[in-house]
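1. Sequence first, predicted model second:
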Amino acid sequence: MDNHEHSDKSFLEQAVEEHFDDEQIVSDEANDVPPYIAQYDDLMSLYVLSPSSAVIDASMFDIAEARLTDLGFDVQLDPVADAKVTRFAGTDEQRAAAFSRAATSNAEVVLASRGGYGLSRILHLIDWDLLAKHPKCYVGYSDFTAFNLALLAQTGMSSFTGPAAIPDFGKAEVDDLTAELFVESMRDELEILCFDADGSDEVDLRGTLWGGNLAMICSLIGTPYMPKVENGILFIEDVSEHPYRIERMLWQLWQAGILANQQAILLGHFTDYQLVTHDNGYDFDSVVQWLREVVQIPVVTGLPYGHGEVRATLPIGVEVGLATQNDIAYLVLKEHVDDHAHEHEHEH
C-alpha cells in the first residue's frame, strides 16, 4: 500500500515529516562550520555577464571566478563583462547582446555580475526567441528581477533569483549558507528551505513561486514584461526604502489587481532605511499589519532573501509548496526526493 493512502495529512506535512532531518540542518550561526566547498567530480559550466551597472573594481572578477571554481563551476566571463559606459556595464546594445552570447554558449548556468540599474533599458532589445531555444539557469537579484519576470512573461521559462557574482563571490568573505544553497539549487538538489517565520500566518498550500525586488516588480506593471501569475506565492524584498514607500508600492500592486491573484505573500529582507520623528511609531510592522487587514492574504515573514547577509536561491515560475507550523516556514521546492536531496533551516 502507498504510504500516502488514507492519510489526513497534507502533502506538505508529509513532505516535511518524511524528508526533513534535524541532523542535516545548516545554520549560518554555527561558527564551527568550515567554509562550504562543493565536492563534485563534474564541473558545471557557468557564464558571467553584466546586464546592469558597471563593476567598479574589475579585480573582483578574479576573486569571484576562483571562488566559483572552488564551488564546482567552470567559469566563463562575457567579453564585455567588465565594460564601463557612464554608470553602465557597456552600451545598452552590448548588454542585451550578452544574453544572446550566453544563450548560445555551452554554459548551463548564467550568473549576473551584480545588480544596480540598467535592465529596464534593454528588455526590448533582448532576443527572447533565442533564449527560449537555448534554456539556461539564469540567476541574479535586485535589478535582475526585471529579467526574471520578463523571461517568464515572454517565454514562460522559469529562472532563479539568488546571489550575484561580485557582491556574493567577489568579496573578502563569502556567506557559506548562500553559497551552499546556490550550488544545491543549480544541481537540482535542494528540496525544502526552512526558516524562522515568527508571527506568520498559518498556511498549507501550493502555488507558483514568483517575485523579487519590490521596486522592480512595480516598474513592470502595465508592460509586456509583467507575467500574469494566478494562484501565486509572491515573495518580495527591498533595500533603502522607507516603510511608507514599501506600503505605497504594495498599494500599487493591490490596486492593479495583482495581489488579489496571490495565495500568500512571503516577506524577505527589507533593510537599510531610516525612520524619522515624523513617523510617530509608523514602521515596517505597520506595513505588515496593513497588508493583513486590507489585502487579507496570508503573510509569511523571515524569508532569507534580499539585500541581507544570507541570500537564498529561489526558483521563479515554478510550482512549490508553502507551510508554516510553530513559527517555522517550510518552502517545498521538490515533491520527489532523490538520494542527494538536502534540506536547510535558516535561523536568526
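-> Arrived safely, thanks for sending.

2. what bits of this structure have low per-residue confidence?
-> 1-39, 335-348 (pLDDT under 70).

3. what about the residue nearest the centre of it, distance to Tyr282?
-> Centroid-nearest residue in the chain, with Cα atoms, centre = their mean: Thr161, separated by 2.9 Å. Distance of Thr161 to Tyr282, given as Cβ to Cβ, to the nearest Å: 29 Å. C-betas here are computed from N, CA, C, even on glycine.

4. Same question for Leu77.
-> As judged by Cβ to Cβ, Leu77 and Tyr282 stand 46 Å apart.

5. same deal with Ala197?
-> Per Cβ to Cβ, Ala197 is found 23 Å from Tyr282.

6. out of those two, which sits in the busier spot?
-> Ranked by neighbour count (other Cβ atoms under 10 Å), Ala197 and Tyr282 place Ala197 first, with 23 against 16.

7. didn't the more buried one look like it was pressed against Gln325?
-> No. Between Ala197 and Gln325 there is no contact under Cβ atoms under 8 Å: 9.3 Å.

8. Is there a neighbour count for Gly199? I'd like the number.
-> Residues lying near Gly199 (other Cβ under 10 Å) number 11.

9. Ile166: neighbouring residues, count only.
-> 24.

10. Tell me the spacing between it and Ile56.
-> 9 Å.

11. Mutual contacts of the two, please.
-> Both Ile166 and Ile56 lack any common contact, where contact means Cβ atoms under 8 Å, 6 or more residues apart in numbering.

12. if we can go back for a sec, beta partners of the residue nearest to the centre of the chain?
-> Gly140, Leu314 (DSSP bridges).

13. ends of stretch 140-151, how far apart?
-> End-to-end distance for stretch 140-151, by Cα to Cα, to the nearest Å: 13 Å.

14. same check, this time on stretch 220-227
-> 9 Å.

15. How far away from the center of its chain is that stretch?
-> If you compare the mean C-alpha spot of stretch 220-227 with that of the full chain, they lie 19 Å apart, counting by Cα atoms, centre = their mean, to the nearest Å.

16. repeat for stretch 144-156
-> So, by Cα atoms, centre = their mean, the centroid of stretch 144-156 is 13 Å from its chain's centroid.

17. Now it: buried residues?
-> Residues of stretch 144-156 classed as buried by neighbour count (16 or more other Cβ atoms under 10 Å): 144-155.

18. try stretch 276-294
-> Along stretch 276-294, these residues count as buried under the neighbour rule (16+ other Cβ under 10 Å): 282, 284, 287-288, 290-291.

19. want to throw those residues into a markdown table with distance to Val318?
-> As requested, the buried residues of stretch 276-294 are exported to a markdown table (distance: Cβ to Cβ, whole Å):
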| residue | distance to Val318 |
| --- | --- |
| Tyr282 | 36 |
| Phe284 | 28 |
| Val287 | 27 |
| Val288 | 26 |
| Trp290 | 29 |
| Leu291 | 24 |
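
20. I'd like to know which of those residues are part of helices.
-> Members of the buried residues of stretch 276-294 lying in helices (criterion: DSSP state H): 284, 287-288, 290.

21. Mind putting those into CSV with distance to Glu191?
-> Listed next are those as CSV, based on distance: Cβ to Cβ, whole Å:
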residue, distance to Glu191
Phe284, 31
Val287, 32
Val288, 28
Trp290, 34
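
22. Contacts for the host helix or strand of Phe235, please.
-> Counting by DSSP states H and E, the element that carries Phe235 is strand 232-239. Where contact means Cβ under 8 Å, 6+ apart, the residues beyond strand 232-239 that reach it are 142, 205, 207-215, 217, 246, 249, 258-259, 261-272, 303, 305-307, 314, 320, 322.

23. Quick check on the residues you listed: which are buried?
-> When the contacts of strand 232-239 are checked for burial by 16+ other Cβ under 10 Å, the buried set is 142, 205, 207-215, 217, 246, 249, 258-259, 262-270, 303, 305-307, 314, 320, 322.

24. and these, which of them are in strands?
-> Within the buried ones among the contacts of strand 232-239, residues falling in strands by DSSP state E are 205, 207-213, 262-270, 314, 320, 322.

25. From Ala64, how far off is Leu333?
-> From Leu333 over to Ala64 (counting by Cβ to Cβ), the distance is 25 Å.

26. In stretch 156-163, which residues are buried?
-> Buried residues in stretch 156-163, counted by 16+ other Cβ under 10 Å: 157-163.

27. Oh, that last question was meant for stretch 64-77, not what I typed.
-> 64-65, 67-68, 71-77.

28. now stretch 110-121
-> For stretch 110-121, a neighbour-count test (16+ other Cβ under 10 Å) marks 110-116, 118-121 as buried.

29. mind checking the end-to-end distance for it?
-> 20 Å.

30. Could you list the paired strands of the strand holding Phe235 along with their orientation?
-> Counting by DSSP bridges, strand 232-239 is paired with strand 204-213 (parallel), strand 262-271 (parallel).

31. Do you have the strands of the stretch 51-200 of the chain handy? List them.
-> Remark: strands assigned in the stretch 51-200 of the chain by DSSP state E, counting those that start in this stretch are 73-77, 109-112, 137-140, 159-161, 190-196.

32. Tell me which other helices or strands the longest one touches.
-> Looking back up the chat, that one is strand 190-196. helix 11-19, helix 176-186, strand 328-332, strand 342-346 (3 or more Cβ pairs under 8 Å, 6 or more residues apart in numbering; DSSP states H and E).

33. how's this structure carved up into domains?
-> 10-30+189-348, 40-174 (automatic domain parsing).
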